[in-house]
Structures are given as structure tokens and as C-alpha cells.
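A.B. asks: sequence and predicted structure below; questions after.
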Amino acid sequence: AQSVTQLGSHVSVSEGALVLLRCNYSSSVPPYLFWYVQYPNQGLQLLLKYTSAATLVKGINGFEAEFKKSETSFHLTKPSAHMSDAAEYFCAVRDYGGSQGNLIFGKGTKLSVKP
Amino acid sequence: EAQVTQNPRYLITVTGKKLTVTCSQNMNHEYMSWYRQDPGLGLRQIYYSMNVEVTDKGDVPEGYKVSRKEKRNFPLILESPSPNQTSLYFCASRTRARMDEKLFFGSGTQLSVL
């Protein structure tokens, strides 16, 4: 069965600093991986997705993620944090099992950006 | 505008009083799903539906019911709410065309059961 683990429930960075949010996955088959972002008082929206076309995936708002099969990781990065990046971020993997393609979400990482 | 609409946005109720949270999408999506979000637990799936009249349990279905009589609507029913169902609820939908299709989420329903 597929699963994802997000390391760190809270991450705090200064404005302009590198953002690194960690996600490790478990999958016996090539995975479909996603990062979603949830801004305060809103639903989740897709940030980026990995579908095997390229290992480095670029998303919205300057975020990108690199798929590393050897490390079973799909970490999310942004070179320079902005105040508007403060949100909760969820890594997710598509389930190939009996649930017919449901998304399995990590527990989330809340990003704070200090001025 | 493509969207998933949930109502109400906020709901306070008492133990045992039946309630329904509505969800509607205007994108002709086959797949719809309900999640609950709790601090430290992330999103957990309650029920999902692959198409009209086809529903199945997710990870935490106890105490909830759903129906899918029309493609656009997927209401969540709590027949006898209890305080442990106090949570933030999200409805979501997507097409089934490909495995990399993204989920569209509603804005959420904050439920408090007293």
C-alpha cells in the first residue's frame, strides 16, 4: 500500500530564506505524487504534481519539487520565501489499491514566514 | 467558473440532531469525496463516489452517510452527530480520465457538535 510521511509539522523561515518541506513516500509501483497548499480559511489547491515525465517538477508561486527514487523522496522547495507563502502544505500519493485511485495525504506541514 | 460549493461554511449543532452538509460541483466530474481535517492528523477520507449511485467507505466512515443520486451533488449526512465529529470537512471532486488528475476542493465546513 502507498503512504507518505511529512517530516516536521511546523517549519519557520525568514522572508527571503530557502523553503524546504520534506516528504517521503512508500510505493511498490511508480508513484503519482502531489503537493497541495492550504491557505488560511480556504480549501486545498494543487501546487504541483509528479507523473514520471520529469524528476524536477515546477509548480505555481515559484515552488518546485524533485522526485528522487533512490531516496523515496519528493521534497518541496522555494529559493526565497515570501510572507504570502505562509500556509499548510500537504504531500499526497495516489493509491493503486482497492480504493481505485484515492489520494493518501500526509499529516501536513505548517509553514510560517517571519519578516 | 469551475468550482466545488459546500454549505454551510460554519455549523454549530447539538449531539444527536441530524444534519446534512451539501456539496455540489459544476465540472461534470465523476469522482467525489469527503474528507475531515483534524490538527495533527491531516486529511482523512470519509466516503467517496466513483459515479452516480456508486459510493464506498474511506478510512473513517463511522457515523457518516452519503448519497450520490445526481452527478453534481454529494451530500454528507450525520444521522446522530457526536462531539468527536467536531472537525473541518472538505468535499472534493475530479475527473477519472487519468491517474494524475487533480482534486478540486470546496472551501470547507467547520462543524462543532456540542
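C.D. replies: Received the coordinates, thanks. Residues are numbered from 1 along each chain as shown, chains lettered A, B, ... in the order given.
A.B. asks: by mean pLDDT, flag the weakest helix or strand of chain A.
C.D. replies: Within chain A, no helix or strand scores below strand A:103-105, which has a mean of 89 by mean pLDDT, DSSP states H and E.
A.B. asks: given that strand, what are its sheet partners and their directions?
C.D. replies: Partners of strand A:103-105 in the sheet, by DSSP bridges, are strand A:87-94 (antiparallel).
A.B. asks: can I get the helix or strand A:Phe74 falls within in CSV? Just the C-alpha atoms.
C.D. replies: Taking DSSP states H and E as the definition, A:Phe74 sits inside strand A:73-78. What follows is strand A:73-78, C-alpha atoms only, in CSV (Å, rounded to 0.1, in the frame of the first residue of the first chain):
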residue,chain,number,x,y,z
SER,A,73,11.6,11.5,-1.5
PHE,A,74,9.6,14.3,-3.1
HIS,A,75,10.7,17.4,-1.1
LEU,A,76,9.2,20.8,-1.9
THR,A,77,11.5,23.8,-2.2
LYS,A,78,11.3,27.5,-2.9
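A.B. asks: next one: it, is it in contact with chain B?
C.D. replies: No: contact of strand A:73-78 with chain B is not found when judged by CB under 8 Å from any CB of the partner chain; the minimum separation is 13.7 Å. C-beta: built from backbone N, CA, C; applies to glycine.
A.B. asks: in that strand, what's buried?
C.D. replies: Residues of strand A:73-78 classed as buried by neighbour count (16 or more other CB atoms under 10 Å in any protein chain shown): A:Ser73, A:Phe74, A:His75, A:Leu76, A:Lys78.
A.B. asks: buried sites along stretch A:77-91?
C.D. replies: In terms of neighbour count (16+ other CB under 10 Å), stretch A:77-91 has its buried residues at A:Lys78, A:Ala81, A:Asp85, A:Ala86, A:Ala87, A:Glu88, A:Tyr89, A:Phe90, A:Cys91.
A.B. asks: A:Tyr36: what's it in contact with?
C.D. replies: A:Leu44, A:Gln45, A:Leu46, A:Leu47, A:Tyr89, A:Phe90, A:Ala92, A:Phe105, B:Leu103 (CB atoms under 8 Å, 6 or more residues apart in numbering or on different chains).
A.B. asks: partners of the helix or strand containing it in the sheet?
C.D. replies: Here A:Tyr36 sits within strand A:33-38, counting by DSSP H and E. Strand pairing for strand A:33-38, determined by DSSP bridges: strand A:44-50 (antiparallel), strand A:87-94 (antiparallel).
A.B. asks: burial of A:Lys114, as a residue count?
C.D. replies: 11 (other CB atoms under 10 Å in any protein chain shown).
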